[in-house]
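Engineer: Everything below, folded, please.
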Amino acid sequence: MQQEHLKARNGKGFRYSQPVEGNINVAANLLKRCFDVDRPNCRWINDITYIWVLERWLYLAVVMDLYSRRIVGWAFDS
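Structural biologist: Reported below is the predicted structural model:
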């Protein structure tokens, strides 16, 4: 770096703060990562993802049965 006359750029240090908005309206973790199921319709899981389509965001929400690993419901909307 000395040969190329380069200097390191030091920015401000990152400070962690308490995430206030992240703790509001959070559901309890009832499943506790126990994905083994011995009968159908005992545990369902869901996920939501956003997809960029024709210059706008749409969402896809999916519900899956952990026993059969089949999709039991989904919604795709703006």
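
Engineer: can you pull out the strands in the protein?
Structural biologist: For the chain, applying DSSP state E gives strands covering 44-53, 56-65, 70-77.

Engineer: So which of those strands is the most surrounded?
Structural biologist: strand 56-65 (a mean of 13; mean count of other C-beta atoms under 10 Å). Glycine gets a C-beta too; all of them are placed from N, C-alpha and C.

Engineer: who's the residue lying closest to residue 41 once chain neighbours are set aside bridged to?
Structural biologist: Closest residue to residue 41 apart from its sequence neighbours, by C-beta to C-beta, 6 or more residues apart in numbering: residue 65 at 6.3 Å. Beta-bridge pairing of residue 65 under DSSP bridges involves residue 44, residue 70.

Engineer: Going forward, count from 37.
Structural biologist: Sure, I'll start counting at 37 from here, so that last one is residue 101.

Engineer: follow-up on the earlier one: let me have the strands of the chain in a markdown table, adding mean pLDDT and distance to residue 47 as columns.
Structural biologist: Formatted as a markdown table, the strands of the chain follow (pLDDT from 0 to 100; distance: least, C-beta to C-beta, whole Å):
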| stretch | mean pLDDT | distance to residue 47 |
| --- | --- | --- |
| strand 80-89 | 92 | 31 |
| strand 92-101 | 95 | 31 |
| strand 106-113 | 95 | 41 |
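
Engineer: With distance to residue 48 added, can I get those strands in JSON lines?
Structural biologist: Formatted as JSON lines, these follow (distance: least, C-beta to C-beta, whole Å):
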{"stretch": "strand 80-89", "distance to residue 48": "31"}
{"stretch": "strand 92-101", "distance to residue 48": "32"}
{"stretch": "strand 106-113", "distance to residue 48": "41"}
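
Engineer: can you tell me which of those comes nearest to residue 51?
Structural biologist: strand 80-89 (29.3 Å; C-beta to C-beta).

Engineer: chain center to the closest one, what's the gap?
Structural biologist: 9 Å (C-alpha atoms, centre = their mean, to the nearest Å).
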